[in-house]
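K.L.:
Sequence first, predicted model second:
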Amino acid sequence: MSSNGNSTRLSRRSFLRWSQSAMAMFGAAPLIGSKAEAAVPKQPEGEDYYDKLGVTKIINAAGTYTTLTAACMPPQVIRAVERAALHPVYLHDLQVASGEYLAKKLRCEGALVTSGASGAITLATAACITSANGSKPGALPQDAGRLKNEVIVQKAHRYSYDHAMMLSGAVIREVVTLDDYKNAFNEKTVMTNFFNAAEEEDGPQAQIGREQWLEIAHQHNVPCHLDAAADMPPIENLWKYTQMGFDLVCFSGGKGIRGPQNAGLLLGKKHLTDLALRNTNPNGDAVGRGMKVAKEQIVGMVAAVDWLLEQSDEANEKEYNRRAKIISDAVKNIPSMQSSVVVPKIANHVPHLLLKFDPSVVGVTVPQVVERLRAEKPRVELNPNTGHKPNQGIPSDANTLVVGVWMLQPGEAEIVGRRIHAVLTQKA
């Protein structure tokens with residue numbers, strides 16, 4: 001136990017050093033000039049409200065999952081959020097200005113900071129209904145039944161985020177085959193939705209690829225929305241899909257982009273992102289009124305994009321592989337252990353470490369490893385595909401631990417390696 005405590009303290013010190021060096025590297029400007037800074041006492045670090053509330057901190061060896069509060073923001077983004085919090089502005093003006101800025105940076109016509117990717121899906125749907133009907137935003141969702149309101153979706157692309165579309169009053173029209181799709185278009189069709197990472201999900205495979213899906217929709221002059229929530233990196237995906245011709249594309253802001261967890265992006269054709277803006281806050285008579293994005297989240301999202309565009313996919317992947325090697329080296333002497341690294345093709349396109357072992361040889365099962373890693377402090381959360389059949393592009397099985405390394409903080413790979421070794425060698 002004492003070794004864990006030392007590891008935790010070392011990790012926190014390492015993190016502080018990393019934060020300070022990162023701020024210097026990113027060129028983050030101080031809030032006040034150097035002379036004034038010398039005369040003003042340094043601000044206290046602030047109370048740790050996780051500790052105050054009794055909420056357990058974790059080491060995130062899983063990934064950018066919402067339930068684990070997704071990614072941590074880089075120092076450059078944190079500083080931008082802190083500064084934005086100090087001054088009020090007109091929220092509409094900030095939405096418009098940030099959208100224009102992001103559209104230029106991300107090489108598309110229009111952009112909108114939303115309340116996460118799910119909020120972006122709702123606003124995309126509302127924009128397409130509004131566009132198809134020439135209606136006012138206040139008509140949704142109560143008048144949707146009298147309006148054009150159908151969204152075409154492949155059966156293999158149905159998911160829990162269908163609710164985000166239905167929130168605007170849309171009706172899902174499900175198709176399976178190519179002929180189904182061609183015959184589904186009618187006078188009520190307003191949009192098609194394509195779940196970008198569906199092909200790597202557990203379940204039936206879709207019969208229609210994204211290029212063909214897009215082409216047929218445009219033959220009917222119907223806009224296509226692409227859900228790419230977790231599909232960055234690579235960084236170029238932020239403009240790849242809009243340049244393919246997708247009319248609207250959504251991304252989560254708090255995953256690979258490293259913005260605030262409750263922010264997202266809706267990118268695409270300007271006349272549609274403008275309608276999405278009319279359907280959200282601060283407009284009171286709008287289906288997105290409850291999807292408020294505060295000034296801190298808007299500025300944080302812009303700062304995160306600025307930060308991201310300074311990054312290198314190659315350098316990041318090299319770092320993630322380094323962390324994976326630290327962990328695999330820590331357990332390489334465990335009998336029957338086989339380690340490998342896999343990179344999912346679409347969502348969470350980063351190295352994941354797979355540790356496969358024979359429970360009858362090691363004397364511990366995968367569920368027992370997961371339970372033991374959660375039982376001690378700091379609690380370690382492995383990727384949820386651990387111990388499960390292949391899903392999300394990760395070829396796991398009942399005897400495989402899946403370690404997501406890209407959300408680890410400096411020094412945590414060493415802790416995770418030691419902890420996994422300890423639980424695999426722990427006597428029952």
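P.N.:
Sure thing, it's come through.
K.L.:
Please make it C-alpha for all contacts and neighbour counts, starting now.
P.N.:
Noted.
K.L.:
Now the terminal residues of stretch 329-340, how far apart.
P.N.:
With C-alpha to C-alpha, to the nearest Å as the measure, the ends of stretch 329-340 fall 11 Å from one another.
K.L.:
in that stretch, what's buried?
P.N.:
Applying a neighbour-count criterion of 16 or more other C-alpha atoms under 10 Å, one finds 330-331, 337-339 buried in stretch 329-340.
K.L.:
Tell me, how many residues neighbour residue 93?
P.N.:
The tally of other residues near residue 93 (other C-alpha atoms under 10 Å) stands at 10.
K.L.:
circling back to that earlier point, columns pLDDT, distance to residue 92 and secondary structure on top of the buried residues of stretch 329-340, output as a markdown table?
P.N.:
Output for the buried residues of stretch 329-340, formatted as a markdown table (pLDDT from 0 to 100; distance: C-alpha to C-alpha, whole Å; DSSP: H, G, I helix; E, B strand; the rest coil):
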| residue | pLDDT | distance to residue 92 | secondary structure |
| --- | --- | --- | --- |
| 330 | 98 | 52 | helix |
| 331 | 98 | 53 | coil |
| 337 | 98 | 56 | coil |
| 338 | 98 | 54 | strand |
| 339 | 98 | 51 | strand |
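K.L.:
Residue 358: which of these is nearest?
P.N.:
Within the set of those, residue 337 lies nearest residue 358; the separation is 7.4 Å, counting by C-alpha to C-alpha.
K.L.:
Show me where the stretch 301-428 of the chain has its strands.
P.N.:
Listed in chain order, the strands found in the stretch 301-428 of the chain under DSSP state E, counting those that start in this stretch are 338-342, 352-356, 379-382, 400-404.
K.L.:
sorry, back to before: quick check: the farthest pair among the buried residues of stretch 329-340?
P.N.:
The largest distance within the buried residues of stretch 329-340, taken as C-alpha to C-alpha, falls between 330 and 338 and amounts to 12.3 Å.
K.L.:
and the nearest residue to residue 187 once chain neighbours are set aside, how many neighbours?
P.N.:
Take residue 187 and drop its neighbours on the chain: the residue closest to it by C-alpha to C-alpha, 6 or more residues apart in numbering is residue 148, 7.1 Å away. A total of 23 residues lie near residue 148 under the criterion other C-alpha under 10 Å.
K.L.:
check contacts around residue 148.
P.N.:
By C-alpha atoms under 8 Å, 6 or more residues apart in numbering, the contact set of residue 148 is 129, 132-133, 187-190.
K.L.:
can you rerun that using 7 Å?
P.N.:
Taking C-alpha atoms under 7 Å, 6 or more residues apart in numbering as the definition of contact, the neighbours of residue 148 are 129, 132-133, 188-190.
K.L.:
for residue 144, same thing?
P.N.:
For residue 144, the residues meeting the contact criterion (C-alpha under 7 Å, 6+ apart) are 169-170.
K.L.:
repeat that with 6 Å
P.N.:
Counting by C-alpha atoms under 6 Å, 6 or more residues apart in numbering, residue 144 makes contact with residue 169.
K.L.:
Residue 170 too?
P.N.:
By C-alpha under 6 Å, 6+ apart, the contact set of residue 170 is 149-150.
K.L.:
Now with 8 Å, please.
P.N.:
If a contact means C-alpha under 8 Å, 6+ apart, then residue 170 has 125, 129, 144, 149-151 as its contacts.
K.L.:
Can you pick out the ones from those that are in strands?
P.N.:
Restricting those to those inside strands, with DSSP state E as the criterion, leaves 150-151.
K.L.:
show me where the stretch 51-200 of the chain has helices.
P.N.:
75-84, 91-105, 116-133, 162-166, 178-184 (DSSP state H, counting those that start in this stretch).
K.L.:
buried sites along the second one?
P.N.:
Put plainly, it is helix 91-105. In terms of neighbour count (16+ other C-alpha under 10 Å), helix 91-105 has its buried residues at 94-96, 98-100, 102-103, 105.
K.L.:
possible to save these as a markdown table with distance to residue 238 and pLDDT?
P.N.:
Formatted as a markdown table, the entries for these read as follows, by distance: C-alpha to C-alpha, whole Å; pLDDT from 0 to 100:
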| residue | distance to residue 238 | pLDDT |
| --- | --- | --- |
| 94 | 21 | 98 |
| 95 | 19 | 97 |
| 96 | 19 | 98 |
| 98 | 16 | 98 |
| 99 | 14 | 98 |
| 100 | 15 | 98 |
| 102 | 11 | 98 |
| 103 | 10 | 98 |
| 105 | 10 | 98 |
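K.L.:
Show me the shaky parts of the stretch 301-428 of the chain.
P.N.:
Low-confidence segments of the stretch 301-428 of the chain, defined by pLDDT under 70, are located at 427-428.
K.L.:
Let's see that with 90 instead.
P.N.:
Of all residues in the stretch 301-428 of the chain, those with pLDDT under 90 make up the ranges 376-378, 426-428.
K.L.:
Also the stretch 1-150 of the chain?
P.N.:
Within the stretch 1-150 of the chain, the segments meeting pLDDT under 90 span 1-46, 136-138.
K.L.:
could you measure residue 94 against residue 276, distance?
P.N.:
When C-alpha to C-alpha is the yardstick, residue 94 and residue 276 sit 15 Å from each other.
K.L.:
I misspoke; the intended subject was residue 336.
P.N.:
In this view, residue 336 and residue 276 are 54 Å apart by C-alpha to C-alpha.
K.L.:
cool, and residue 365?
P.N.:
Using C-alpha to C-alpha, we find residue 365 at a distance of 49 Å from residue 276.
K.L.:
Same question for residue 282.
P.N.:
Counting by C-alpha to C-alpha - residue 282 and residue 276 are separated by 12 Å.
K.L.:
More neighbours: which of the two?
P.N.:
Each of residue 282 and residue 276 had its neighbours counted (other C-alpha under 10 Å), and the higher figure belongs to residue 276 (30 against 20).
K.L.:
Look at the more buried one and tell me its secondary structure.
P.N.:
helix (DSSP: H, G, I helix; E, B strand; the rest coil).
K.L.:
My guess is it contacts residue 123. True?
P.N.:
Yes. The pair formed by residue 276 and residue 123 meets the contact definition of C-alpha atoms under 8 Å, at 5.0 Å.
K.L.:
Please identify the most buried of the strands of the stretch 301-428 of the chain.
P.N.:
Ranked by mean neighbour count under mean count of other C-alpha atoms under 10 Å, these are led by strand 400-404, which reaches a mean of 26.
K.L.:
the inter-axis angle of that one versus strand 338-342?
P.N.:
Strand 400-404 runs at 40 degrees relative to strand 338-342, counting by axes from the mean of the first three to the mean of the last three C-alpha atoms, to 10 degrees.
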